[in-house]
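Asker: here are the coordinates; sequence isn't available:
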C-alpha cells in the first residue's frame, strides 16, 4: 500500500458525523482497500483536531455500517468500502410506490426510539439546536414555504440528541428516503403548520425528560403524517385502475 497522505484537520470541534465524513474522505483519497489498517483512535483525534469521544462515536457508526472492524490487539481495519446495504435497498426501491409504506414504518420505529432516548440524554446544546430548528421551520412557513429545511433539521436533531451512534447511523443510511417521505407529507395543504405544532409537543416532552411522552408524541406525529399520504396514494391508484 502506498504511503497515505495526511488527513485534513477539522477547524473546530465537530459532531461525530463530521468525523465519519472525514474518515470516509481519507479512505477514498488514499485508495485504501478492504483489509487495510486505519489510524488508531488517538491518531484520528490528533489528525482531525477533535476529542477522543467524537472519534469513538464515529468508529461505532462505521462499525454499525459494516465498514470498519476492530481487531483486539491489532487496531482498526477497513472491512468494506461499498455502500451500506440499507442504502442500497432503499435506493433500489424508492421509485415504486410500494416502498413508501416500508419507509414510513421504519421511520416510526427508529425515530420514536430516538425521541425516547433523547428525552433521557438531551443536553442544553441539543435543546438549543432543536429550538433553532423549529424557529427555522416557523420562518419558512411564514414565507409560504413547506418548511423542509427546518423539518429535516428537527428530526436530525432529535436523532443526534439520543447520543446513540447506531441509531444515527441507521437513519443516515436512509437519509435520502426520509427526505422524500417528508417532502411528500409537507406538500399537503396545511401539513407544515400541523407538523410544526407536533414538533413543539415532541420538544416539550424531551425538555421535560419524559421518554414515554416524547416517544408517544413522535409516533403520533409520524402516524398522523403517514396515513393521509398513503390514503391519497391508494385513492390515486384506484382511479388509475378504473
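Answerer: Okay, I see it. Nothing here was measured: the structure is a model prediction, and the numbers come from that model.

Asker: Could you report the separation of residue 128 from residue 30?
Answerer: The gap separating residue 128 from residue 30 is 37 Å, by CB to CB, to the nearest Å. To be clear about C-beta, it is placed using only N, CA and C from the backbone, and glycine gets the same treatment.

Asker: neighbour count winner among these two?
Answerer: A direct count of neighbours by other CB atoms under 10 Å for residue 128 and residue 30 places residue 30 higher, at 16 against 11.

Asker: Any chance of the backbone angles for residue 210?
Answerer: As for residue 210, its main-chain torsions (degrees, to the nearest 10) stand at phi -120, psi 90.

Asker: which residues touch the residue lying closest to it once chain neighbours are set aside?
Answerer: Nearest residue to residue 210, sequence neighbours excluded (CB to CB, 6 or more residues apart in numbering): residue 119, at 5.7 Å. Residues in contact with residue 119, defined by CB atoms under 8 Å, 6 or more residues apart in numbering, are 205-206, 208-211, 213-215.

Asker: element containing residue 119, please.
Answerer: Take DSSP states H and E as the rule and residue 119 turns out to sit in helix 99-121.

Asker: The helix or strand following that helix to helix 99-121, inter-axis angle?
Answerer: Counting by DSSP H and E, the next helix or strand C-terminal to helix 99-121 is helix 124-142. Using axes from the mean of the first three to the mean of the last three CA atoms, to 10 degrees, the inter-axis angle of helix 124-142 relative to helix 99-121 is 140 degrees.

Asker: Whichever helix or strand comes after helix 124-142 packs against which elements?
Answerer: Using DSSP H and E, the helix or strand that directly follows helix 124-142 along the chain is helix 148-161. When contacts are defined as 3 or more CB pairs under 8 Å, 6 or more residues apart in numbering; DSSP states H and E, helix 148-161 packs onto helix 99-121, helix 124-142, helix 165-173, helix 175-186, helix 191-207.

Asker: Would you mark the buried spots in helix 148-161?
Answerer: 148, 150-161 (16 or more other CB atoms under 10 Å).

Asker: Adding pLDDT and distance to residue 69, write these out as TSV.
Answerer: What follows is those, written out as TSV (pLDDT from 0 to 100; distance: CB to CB, whole Å):
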residue	pLDDT	distance to residue 69
148	92	37
150	93	38
151	95	36
152	92	31
153	92	33
154	96	34
155	95	30
156	90	27
157	93	30
158	96	29
159	93	24
160	90	25
161	94	28
